[in-house]
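K.L.:
Coordinates for the following, if possible.
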Amino acid sequence: MIHSMLLMQLLVILLASRVAAWLLRWLGQPPVVGEMIAGLALGPLVFGALAPHWQATLFAPQSLAGLESLSTLGLVLFMVVVGAELRLPGSIRRNLATSGWIAGCAVILPMALGLGAAPMLYPQFAPHGIAFWPFALFMATAGAVTALPVMARILKDRELTQSNPGQLAIAAAAVADVLAWLMLAVIVALISAHGDWMPFWRTLVGLTLLLALCLLVIRPLSARALSRHVPNGGVDGGALALLLMGALACAAVTEFLNLHPVFGAFLFGLCLPRDDRLLASLIERVEKVALLLLLPVFFALAGLSTSADLLQPGMGVALALLLAVAILGKVLGGVAGARIARQSWRDSFAIGSLMNARGMMELIVMKVGLDTGVIDHRMFTLLLIMAIVTTMMTTPMLLYFTRSAAKPAMATRRSIHE
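P.N.:
As a prediction, the model looks like this:
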């Protein structure tokens, strides 16, 4: 009975995510937007409102343990690939100052705005027992996240990966996400300490030792092993098993350190060799399974964690405030950093539009915040809506600014031919 219920849950989740992704594709949106909306629709806001009995029966709380395990596995596998593909494009290595300005401004401005908005949100939305500063720092970090995988997918679909805004935005997002994840790790450690500094320092020391182990031991050993046993860069069954064991071990260590397993998985992926053939094998054999089967489960559980109390007093104002902070912080931060680095206005706004994409990375950050108790289900719902809205804005804004930039060049070519 338990297995049949799990299979039925998976069937409904996958069907909803595929249909939503197909529909949103017609609007020029990446599949992840449709999957996020599908997860939201399976929760109390849509499915629970239209068919509360069916929704409560299909997704009964006591039947979600299997989905939770699959969701965690999907996050671990996905974050390994995210860490493995986090690299600076070759052309950007010669221009680190530009991407550094963009990343810095696109992190500092949304964090500053998030800290400014926190006093207005804390009295109503902070869970009982959570102090102001952990809540405020989490809100600041949640606004600073950029979804590098979603951004890369949008640029690839629009054939803009090699464009100047695309290259700069990818490099800046890589730097910004590392900063945001480090900040989130510190916040989670602070919350887990519950006011006692000894657990905090134990977590921090443990994380530092794990980082040293990954950089000084795992990284050179994995490079040597892959070059010796997998000379063509592909991953056979034995090598893939070793990679998965390493990822699961690092995820288990960060879980033991009172951090989320995604930190260890991301760190392990970050320490893998920067080999395009290895990355292609990971994407083909690991990421596709995570994206197509396991992460829709994560989106569904995110939707089930939302609250149906959007009509309560103050929810609309809070949502408007979050959207303003998120959009202004990321877009204007990206524009400001690009302009400081002497990019054109059109390229600067294209870069700012790309930095506004949040997608799946924002949901992972939100889930970490919900699991650690720093936000409640109402704030989780508002942040989920913010992530969907800002991600959906990215493609039309990018097309507007890149098309505007292309018009003068097209006019010049016409005049030459004429």
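
K.L.:
Hmm, L113 is touching V331, no?
P.N.:
No: between L113 and V331 there is no contact under CB atoms under 8 Å: 11.5 Å. Glycine gets a C-beta too; all of them are placed from N, C-alpha and C.

K.L.:
now the host helix or strand of G166, how far from the centre of its chain.
P.N.:
Using DSSP states H and E, the element containing G166 is helix 164-193. On the basis of CA atoms, centre = their mean, to the nearest Å, helix 164-193 sits 10 Å off its chain's mean C-alpha point.

K.L.:
how about the very next helix or strand once past it: buried residues?
P.N.:
Note on helix 164-193: by DSSP H and E, the next helix or strand toward the C-terminus is helix 197-213. Within helix 197-213, the residues that qualify as buried are 199-200, 202-204, 206-207, 210, counting by 16 or more other CB atoms under 10 Å.

K.L.:
next one: stretch 239-253
P.N.:
239-240, 242-243, 246-248, 250-251, 253.

K.L.:
Contacts for that stretch, please.
P.N.:
With contacts defined as CB atoms under 8 Å, 6 or more residues apart in numbering, stretch 239-253 is touched by 76-77, 80, 206, 210, 214, 218, 222, 225-226, 229-230, 235, 261-265, 267-269, 272, 281-282, 285-286.

K.L.:
please redo it, this time with the cut-off set to 6 Å
P.N.:
For stretch 239-253, the surrounding residues in contact (CB atoms under 6 Å, 6 or more residues apart in numbering) are 76, 80, 210, 230, 261, 264-265, 267-268.

K.L.:
On the three-state scheme, G43 is what?
P.N.:
G43 carries the three-state label coil when classified by DSSP: H, G, I helix; E, B strand; the rest coil.

K.L.:
before we move on, the earlier item: what's the farthest-apart pair in the buried residues of stretch 239-253?
P.N.:
A239 and V253 (21.5 Å; CB to CB).

K.L.:
Please list all residues in contact with A318.
P.N.:
L382.

K.L.:
which stretch of helix or strand covers it?
P.N.:
Counting by DSSP H and E, A318 is found in helix 315-327.

K.L.:
Next secondary structure after that helix?
P.N.:
helix 333-340.

K.L.:
Check which helices and strands that next one sits against.
P.N.:
Helix 333-340 sits against helix 96-125, helix 345-355, with contacts defined as 3 or more CB pairs under 6 Å, 6 or more residues apart in numbering; DSSP states H and E.

K.L.:
of these, which approaches A56 most closely?
P.N.:
helix 96-125 (25.5 Å).

K.L.:
buried residues in that closest one?
P.N.:
Here helix 96-125 shows 98-99, 101-115, 117-118, 121-122, 125 as buried, counting by 16+ other CB under 10 Å.

K.L.:
Repeat that for stretch 66-74.
P.N.:
For stretch 66-74, burial by neighbour count (16+ other CB under 10 Å) applies to 66-67, 70-74.

K.L.:
In TSV: those, plus secondary structure, pLDDT and distance to A171.
P.N.:
Output for the buried residues of stretch 66-74, formatted as TSV (DSSP: H, G, I helix; E, B strand; the rest coil; pLDDT from 0 to 100; distance: CB to CB, whole Å):
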residue	secondary structure	pLDDT	distance to A171
G66	helix	88	39
L67	helix	90	36
L70	helix	90	33
S71	helix	88	30
T72	helix	88	30
L73	helix	90	30
G74	helix	87	27
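
K.L.:
okay, these in JSON lines with distance to L382 next?
P.N.:
Formatted as JSON lines, the buried residues of stretch 66-74 follow (distance: CB to CB, whole Å):
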{"residue": "G66", "distance to L382": "28"}
{"residue": "L67", "distance to L382": "23"}
{"residue": "L70", "distance to L382": "26"}
{"residue": "S71", "distance to L382": "21"}
{"residue": "T72", "distance to L382": "24"}
{"residue": "L73", "distance to L382": "28"}
{"residue": "G74", "distance to L382": "24"}
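
K.L.:
check which helix or strand covers the spatially most central residue of the chain.
P.N.:
Nearest residue to the geometric centre of the chain (CA atoms, centre = their mean): M361, 0.7 Å. Taking DSSP H and E as the definition, one finds M361 inside helix 359-372.

K.L.:
which helices and strands does that helix pack with?
P.N.:
By 3+ CB pairs under 6 Å, 6+ apart, helix 359-372 packs against helix 377-417.

K.L.:
Tell me how far A41 lies from Q9.
P.N.:
Distance from A41 to Q9, counting by CB to CB, to the nearest Å: 15 Å.

K.L.:
circling back: my read is that the residue nearest to the centre of the chain contacts A147, right?
P.N.:
Yes: counting by CB atoms under 6 Å, M361 does reach A147; the two are 4.3 Å apart.

K.L.:
okay, and the common contacts of those two?
P.N.:
Common contacts of M361 and A147 (CB under 6 Å, 6+ apart): none found.

K.L.:
Tell me who's in contact with I13.
P.N.:
Here I13 is in contact with 296-297, 300 (CB under 6 Å, 6+ apart).

K.L.:
Reformat these into a markdown table and put pLDDT and secondary structure next to each item.
P.N.:
Shown next, in a markdown table, are the contacts of I13 (pLDDT from 0 to 100; DSSP: H, G, I helix; E, B strand; the rest coil):
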| residue | pLDDT | secondary structure |
| --- | --- | --- |
| P296 | 90 | helix |
| V297 | 91 | helix |
| A300 | 91 | helix |
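
K.L.:
Appreciated, that's everything.
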